[in-house]
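>>> Return atomic coordinates for the entry below.
(one chain, ligands or ions: 1)
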Amino acid sequence: MAGSELNNSMGPLADYGITRTRGFIPATDPLQKLPPAFACIERVSSELPVHLKQGSLSEAIKRMDSPDLGLLNGTAEQERLFLALSVLANACVWGQRQPDFRIPETIAVPLTELASALQRKAVLTYASMTFFNWEKINPNGDVCAENTRLLCRFLGTRDETWFVTSALHLEVACAPLLATLYDAVVASSRADVDELEHQLACLANQMHVMTDAVLKVREQCDPTIFFNDIRPLFSGWPSPGAVYEGVSKSPRILAGASAAQSPLIQSFDAALGIRHSEKTAAFLDGMMPYMLAQHRRFIQEVRQASRIRSMVMRKGSAGLVSAYNTITDALNEFRRRHFQLVNEYITKPSGQAAITGTGGSSFSEFLRDAGAATRQASLPADH
Ligand code: HEM
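Below you'll find the model as predicted:
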């Protein structure tokens, strides 16, 4: 049944915090400001670009009271505070000439507590940066890169804003694809072949949107500015890690905010039955604790419920195979163009040095492997 959201193995989309119009972006716009009890942290985080320019951040943080989490009311406020704290934590570590891998107690303690309440890693994540960090410029306009600006930012530049809002744009642009993918998973789990063929054909027609959207970053984010000024601030804590003062003396190693933490592409892999190499699968699994709990549950349940690949192989009709292959080809094309972006935005400006990604991977080999696994998913026409 087209558009149905009930089946034996998966709940309705709303159970996973997904909508047909915004995908993984929450249905309610992010909270623009914290309540007055958090005015101090709101001020320091809104003045962050100035503090980073003037080198005054540690003084400002010393003057800050630790926020009282008991005063928070609901998830929107928790997410908004989590965003502010995690941006400040990254600024403390990476915002100075020499990185300082100690996060002050005023930030480290509430950040750790909130992370545990939200079941996420105690660090800046793609979810905080992209899903909970924007407001519309024109309140009546769309949620798109052209009509959104950031609530928390390190530098306050056009390039930084666009880097983040173009990812937000992609998530919203791909919402109808995600919904159709879900419908296809539901059809497959009910063994409804006609419905599966219909949904896969719909999806095949829409897949180009994903690649078009990933290239949008080029419009207003310069690769050299990204590499030198923006990317370092989004990094995580590489070995030996960062100490969360007031929490533990042992340093923690954590990934930075990378779009590898987006649940979108992993949902496609899960639904289409794409099998990554052991190393790539381990990296992608490692990104799941950085996602919203509902979103990781979605991926896990799609993995269990989807019979798409096995049904296409078993039934083998030309229509099913052709639609399935068009979708995996398009996913491969997304990965190929994404790899070009990585070369343009990281490898080239770095002078071709062997470096690791914000998510902590040795990315060239890893991204090549992910592409190869996607290509291998393609089925022979006479299957
Ligand atoms: C200029 C823009 C971008 C750059 C420079 C970039 C860079 C990278 C790098 C270096 C990795 C390797 C993992 C890591 O260590 O972080 C990666 C992985 C990944 N990125 Fe991006 N990325 C960009 C935009 C995006 C966007 C907009 C998306 C869309 C959601 C995305 C989705 C992914 C995914 C899904 C992975 C995991 C590998 C895979 O599944 O193929 N990236 N990215």
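>>> Doesn't residue 149 belong to a strand?
Yes - Residue 149: assigned to a strand according to DSSP: H, G, I helix; E, B strand; the rest coil.
>>> Kindly tell me how buried residue 317 is, as a neighbour count.
Counted with other CB atoms under 10 Å, residues neighbouring residue 317 total 12. (Glycine included, C-beta is placed from N, CA and C.)
>>> Just give the closest residue to it, not the sequence neighbours.
The shortest distance from residue 317 to any non-neighbouring residue, by CB to CB, 6 or more residues apart in numbering, is to residue 197 (7.1 Å).
>>> Might one say that residue 163 is in contact with residue 217?
Yes - counting by CB atoms under 8 Å, residue 163 does reach residue 217; the two are 6.3 Å apart.
>>> quick one: contacts for the residue nearest to residue 317?
By CB atoms under 8 Å, 6 or more residues apart in numbering, residue 197 lies in contact with 317, 319, 320, 323.
>>> Determine which two of these are furthest apart.
With CB to CB as the measure, no two of those lie farther apart than 317 and 323, at 9.7 Å.
>>> how about the residues of the stretch 101-250 of the chain that lie near the ligand?
Neighbours of the ligand within the stretch 101-250 of the chain, by CB under 6 Å from any ligand atom: 167, 170, 214, 217.
>>> Check the first one and give its pLDDT.
By that I understand residue 167. On the pLDDT scale, residue 167 is placed at 98.
>>> The second one too?
Residue 170 is assigned 98 on the pLDDT scale.
>>> what's the neighbour count on it?
When neighbours are defined as other CB under 10 Å, residue 170 has 25 of them.
>>> Can you tell me, leaving aside adjacent residues, what's nearest to residue 124?
According to CB to CB, 6+ apart, the nearest residue to residue 124 is residue 86 (4.0 Å).
>>> what helix or strand is that neighbour on?
In the assignment (DSSP states H and E), residue 86 maps to helix 74-94.
>>> mind listing what's buried in that helix?
Judged by neighbour count (16 or more other CB atoms under 10 Å), helix 74-94 contains these buried residues: 75, 77-94.
>>> any idea what the closest residue to residue 84 other than its chain neighbours is structurally, helix, strand or coil?
Excluding the flanking residues, the one nearest residue 84 by CB to CB, 6+ apart is residue 45, at 4.3 Å. Classification of residue 45 by three-state DSSP places it in helix.
>>> Please give me every residue in contact with residue 45.
Residues near residue 45 by CB under 8 Å, 6+ apart: 84, 87, 88, 152.
>>> Could I have the CA atoms of stretch 316-327 written out in PDB?
What follows is stretch 316-327, C-alpha atoms only, in PDB (Å, rounded to 0.1, in the frame of the first residue of the first chain):
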ATOM      1  CA  GLY A 316      14.500 -11.100 -11.000                       C
ATOM      2  CA  SER A 317      12.000  -9.200 -13.200                       C
ATOM      3  CA  ALA A 318      13.600  -6.800 -15.600                       C
ATOM      4  CA  GLY A 319      11.800  -3.900 -14.000                       C
ATOM      5  CA  LEU A 320      12.900  -4.700 -10.500                       C
ATOM      6  CA  VAL A 321      16.500  -5.300 -11.400                       C
ATOM      7  CA  SER A 322      16.700  -2.200 -13.600                       C
ATOM      8  CA  ALA A 323      15.300   0.000 -10.800                       C
ATOM      9  CA  TYR A 324      17.500  -1.600  -8.100                       C
ATOM     10  CA  ASN A 325      20.600  -1.100 -10.300                       C
ATOM     11  CA  THR A 326      19.600   2.500 -11.200                       C
ATOM     12  CA  ILE A 327      19.500   3.300  -7.400                       C
END
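>>> ok, residues contacting that stretch?
Counting by CB under 8 Å, 6+ apart, stretch 316-327 makes contact with 193, 196-197, 200-201, 203-204, 207, 268, 272, 308-309, 311-312, 378-381, 383, all of which sit outside it.
>>> change it to 10 Å
The contact list for stretch 316-327, computed with CB atoms under 10 Å, 6 or more residues apart in numbering, reads 177, 180-181, 184, 193-194, 196-207, 268, 271-273, 308-309, 311-315, 377-383.
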